[in-house]
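Asks: I'll drop the sequence and a predicted model, then ask my questions.
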Amino acid sequence: MLNNTQLLLVSLLAAIVLTGTYRLLALRYAWLAQPDSRSAHHRATPRSGGIVILLLAALFIGYQLVADTISYWQCLLLLLPALIGLVGLADDALSLSPGLRFVLYGLSIGLMVWAFVPLAPLTLGPFTIHASFLLVPLYILAICWWVNLFNFMDGINGIAGAQFLFVVIAALLLQPLENSPQLRLLLVLCAATAGFLCWNFPRGRVFLGDAGSTFLAASLAWSALHTIGQGSASPWLWLILSACFVADASYTLVVRMISGQPWTRPHASHGYQILARRWSSHPRVVLVVGLVNILWLLPLAWLANHYRGYELALSVVAYAPLIAIVAYLGAGRPGGDQA
């Protein structure tokens, strides 16, 4: 069995090699994302490269099963996020209808919630929810929105992969996991994502696609459910660490709905997309988001983790300036695609 350092190195190198190989195959067989009026890119680029991250995760889970370090039940639990990634892959390949995609995501997420949520009381600031029939729909709706918004935010080079790495690493720093199959899988995911970013940032030579963005989002949700279920972390910790994505995507959606725009259709009016056009730079936007994550959200998440009675107030402090910024940028407004 590889130790954690060896596991990181092997996963990183494998991701670099496999992503490069996938890119060559995608170019040869025209598995390409074509640029359009809403795209942040100007040339056809290989898509669905995130399948490499999903593949490495699945191979590692299978390796642990063969090595007899996990049971069949643990194997199934660890593979649950892959179901959502496979739905994303099907959408990449077949362009599923919104209704069918919603049903498939809902079923996959429902399985994950059923498997991980112990239905212990959920504390949200001054409120405590005890009833399981309220908890299950709440978690399913929250994770459905999280998977979709993470996909919406994957619109420029490197932003989704960098966000995934920040949230996982920050969560592990604040709430360390014991050396378990869950921890080792997160190490594989981080190393594989870093390897993928070698091909996706600063220049996008291959894209995550729905296969990659939904799988990474589901893996974050799986990690959150695991720690919340164990009682080692509160939902507020994960909400604060994810605030850059949640604030931008949620504010933009609300504005588009209120203003009567076709909010179910693709667009490019998120705050980060507006900034990328104004600055004519993807790396600069990713750097700014990273600085906000590290200098603003990470300290607030640390405070929320240590002062459990103040999580709601700290979450408001975390989100308020981010919402103000995306509002100032004009996110979601009519004509925001060209801002």
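Replies: That came in fine, so what should we check first?
Asks: any weak-confidence spans in this protein?
Replies: 37, 117-133, 336-339 (pLDDT under 70).
Asks: could you pull out the helices for it?
Replies: Counting by DSSP state H, the segments of the chain that form helices are 4-29, 51-66, 72-94, 98-116, 132-152, 159-174, 181-200, 209-230, 235-241, 243-258, 271-279, 282-292, 298-306, 311-329.
Asks: Take the ones you listed and lay them out in TSV including distance to Gly335 and mean neighbour count.
Replies: All C-beta atoms are positioned from the backbone trio N, CA, C, and that covers glycine. Formatted as TSV, the helices of the chain follow (distance: least, CB to CB, whole Å; neighbours: other CB atoms under 10 Å):
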stretch	distance to Gly335	mean neighbour count
helix 4-29	34	16
helix 51-66	36	20
helix 72-94	28	19
helix 98-116	24	16
helix 132-152	19	18
helix 159-174	23	21
helix 181-200	29	22
helix 209-230	26	25
helix 235-241	31	24
helix 243-258	12	21
helix 271-279	11	21
helix 282-292	20	18
helix 298-306	33	19
helix 311-329	13	17
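Asks: show me what contacts Tyr251?
Replies: Gly271, Ile323, Val326, Ala327, Ala331, Gly332 (CB atoms under 8 Å, 6 or more residues apart in numbering).
Asks: Likewise for Ile169?
Replies: Contacts of Ile169 by CB under 8 Å, 6+ apart are Cys190.
Asks: sorry, back to before: Ala40 is nearest to which of the helices of the chain?
Replies: Ala40 lies closest, by CB to CB, to one member of the helices of the chain: helix 271-279, at 5.8 Å.
Asks: ok so, going back, ok, which pair from the contacts of Tyr251 is furthest apart?
Replies: Spatially, the most separated pair among these is Ile323 and Gly332, at 11.4 Å (CB to CB).
Asks: Val206 against Gly49, yeah?
Replies: Yes: with contact defined as CB atoms under 8 Å, Val206 counts as touching Gly49 (3.8 Å).
Asks: If we ignore the residues flanking it in sequence, what's nearest Asp248?
Replies: Leaving aside its sequence neighbours, Asp248 sits nearest to Gly271 (CB to CB, 6 or more residues apart in numbering; 4.7 Å).
Asks: Now do the same contact list for that neighbour.
Replies: Counted by CB under 8 Å, 6+ apart, Gly271 has contacts Asp248, Tyr251, Thr252, Ile325, Val326, Leu329, Ala331.
Asks: Quick check: the residue nearest the centre of the chain vs Val289, distance?
Replies: Taking CA atoms, centre = their mean, the centroid of the chain lies closest to Ala217, which sits 2.9 Å from it. Computed as CB to CB, to the nearest Å, the Ala217 to Val289 distance reads 16 Å.
Asks: any idea how far the residue nearest to Asp248 is from Val326?
Replies: Gly271 sits 4 Å away from Val326, going by CB to CB.
Asks: Kindly report the same for Leu253.
Replies: Distance from Leu253 to Val326, by CB to CB: 11 Å.
Asks: Then Ser180?
Replies: Here Ser180 is placed at a distance of 37 Å from Val326 (CB to CB).
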